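Peer 1: The sequence isn't on hand, but the structure is:
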């Protein structure tokens, strides 16, 4: 078996890595293997200077430090696996170091912008009602887009007001919906979903074309359409409402560990970036409104 595919199989079996994660690892490793092939080197035994030279070439092509840092993380995982399985005697990247990348602050919509975005879909139409329910759920629960589009009808309990979310590593978590999201989901399930899903026994909560689960790309296109209608011109990312969910919770006094559980972060340090966002917002408000700001 190809060594890259064997490594990816191990990631899937041992860590429960998602298709998206596996695709990213595959892309990084295939690119590295292709570069080494131009040097007539094997992926298991690269020259010690090969990676620094390649990174410098990538930098000249416009790749940012963050991109190289992510790539280095992928390669290190591969060589740790190869070392564990006695395919190599030492890690060829053990001495490779990159400058530390500080996490960038995510682009956050303020609460007024979120309200405008949520109100943008035309709820007199089935598609608009579906999109409103999806946006409300995304913001109410802080879901990843992949988690949202992958939801099935049995994951939702409107009576209890919770949704069961399958996150990274196939780990499940229960997240409360809130009254507003519950209201729009109830309307959507009563009226729009039966019209959009010819076979109502199929499990996809939010059907796309042909009654199948919607893709991340399709939903993200829908968000951009609604953002334009709402007059929001700033760049958005697939995590925009997830970022807003976490930051607005902290702004209103939520405990950081509670936010960590709701987001499904395995490491609290991942969640702590939102404390920086909240702090940045407080500093901006102070500078704007305090007489000595």
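Peer 2: Received it, and whenever you're ready, just let me know what you need. These figures come from a predicted structure and were not determined experimentally. Residues are numbered from 1 along each chain as shown.

Peer 1: hey, let's count contacts and neighbours off CA atoms from now on
Peer 2: Noted.

Peer 1: What distance do you get for residue 215 to residue 56?
Peer 2: 36 Å (Cα to Cα, to the nearest Å).

Peer 1: And the nearest residue to residue 68 once chain neighbours are set aside, which helix or strand is it part of?
Peer 2: Among residues not flanking residue 68 along the chain, residue 55 sits closest, at 6.7 Å (Cα to Cα, 6 or more residues apart in numbering). Following DSSP states H and E, one finds residue 55 within helix 50-60.

Peer 1: after that helix, next one along is what?
Peer 2: helix 65-84.

Peer 1: Between helix 50-60 and that next one, find me the angle.
Peer 2: 160 degrees (axes from the mean of the first three to the mean of the last three Cα atoms, to 10 degrees).

Peer 1: Buried ones in helix 65-84, by neighbour count?
Peer 2: Using 16 or more other Cα atoms under 10 Å as the test for burial, helix 65-84 gives 65-66, 68-69, 71-72, 74-76, 78-83.

Peer 1: Looking at residue 215 and residue 56, which is more packed in?
Peer 2: When neighbours are counted by other Cα atoms under 10 Å, residue 215 and residue 56 differ, and residue 215 comes out ahead with 17 against 13.

Peer 1: Please report the distance of the more buried one from residue 58.
Peer 2: Distance, residue 215 to residue 58, by Cα to Cα: 31 Å.

Peer 1: mind giving me the domain split of the chain?
Peer 2: 3-84, 111-287 (automatic domain parsing).

Peer 1: any idea which of those domains is most buried?
Peer 2: Of those, the one with the most neighbours on average (mean count of other Cα atoms under 10 Å) is domain 111-287, at a mean of 17.

Peer 1: residue boundaries of the strands in this structure?
Peer 2: 156-157, 162-166, 172-176 (DSSP state E).

Peer 1: Could you export those strands as CSV, including distance to residue 145 and mean pLDDT?
Peer 2: Converted to CSV, those look like this (distance: least, Cα to Cα, whole Å; pLDDT from 0 to 100):
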stretch, distance to residue 145, mean pLDDT
strand 156-157, 16, 92
strand 162-166, 11, 85
strand 172-176, 15, 81
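
Peer 1: Quick check: which of these is nearest to residue 139?
Peer 2: strand 172-176 (11.5 Å; Cα to Cα).

Peer 1: can you give me how far that closest one is from the chain middle?
Peer 2: From the chain centre to the centre of strand 172-176 is a distance of 17 Å (Cα atoms, centre = their mean, to the nearest Å).

Peer 1: list the helices and strands that strand packs on?
Peer 2: helix 126-141, strand 162-166, helix 256-263 (3 or more Cα pairs under 8 Å, 6 or more residues apart in numbering; DSSP states H and E).

Peer 1: partners of that strand in the sheet?
Peer 2: strand 162-166 (antiparallel) (DSSP bridges).

Peer 1: orientation of the strand it pairs with relative to helix 126-141 in degrees?
Peer 2: Interaxial angle, strand 162-166 versus helix 126-141 (the same axes, to 10 degrees): 80 degrees.

Peer 1: Start the count at 35 instead of 1 going forward.
Peer 2: Sure thing, new numbering starts at 35, so read that last one as strand 196-200.

Peer 1: Pull the residues that contact strand 196-200.
Peer 2: Contacting residues not belonging to strand 196-200 are listed as 181, 185, 189, 190, 191, 206, 207, 208, 209, 210, 211 [Cα atoms under 8 Å, 6 or more residues apart in numbering].

Peer 1: Over to stretch 144-160?
Peer 2: 162-166, 169-170, 222, 225-227, 229-230, 260-261, 263-264, 266, 275, 278, 282.

Peer 1: Quick one: end-to-end length of it, please.
Peer 2: Per Cα to Cα, stretch 144-160 runs 28 Å from first to last residue.

Peer 1: Please apply the same query to stretch 239-250.
Peer 2: 14 Å.

Peer 1: Please apply the same query to stretch 211-231.
Peer 2: 23 Å.

Peer 1: picking that back up, tabulate the helices and strands packed on strand 206-210 (TSV), appending distance to residue 37.
Peer 2: Formatted as TSV, the helices and strands packed on strand 206-210 follow (distance: least, Cα to Cα, whole Å):
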stretch	distance to residue 37
helix 160-175	38
strand 196-200	29
helix 290-297	34
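
Peer 1: between these, which one is nearest to residue 240?
Peer 2: Closest to residue 240 of the helices and strands packed on strand 206-210, according to Cα to Cα: helix 160-175, at 7.1 Å.
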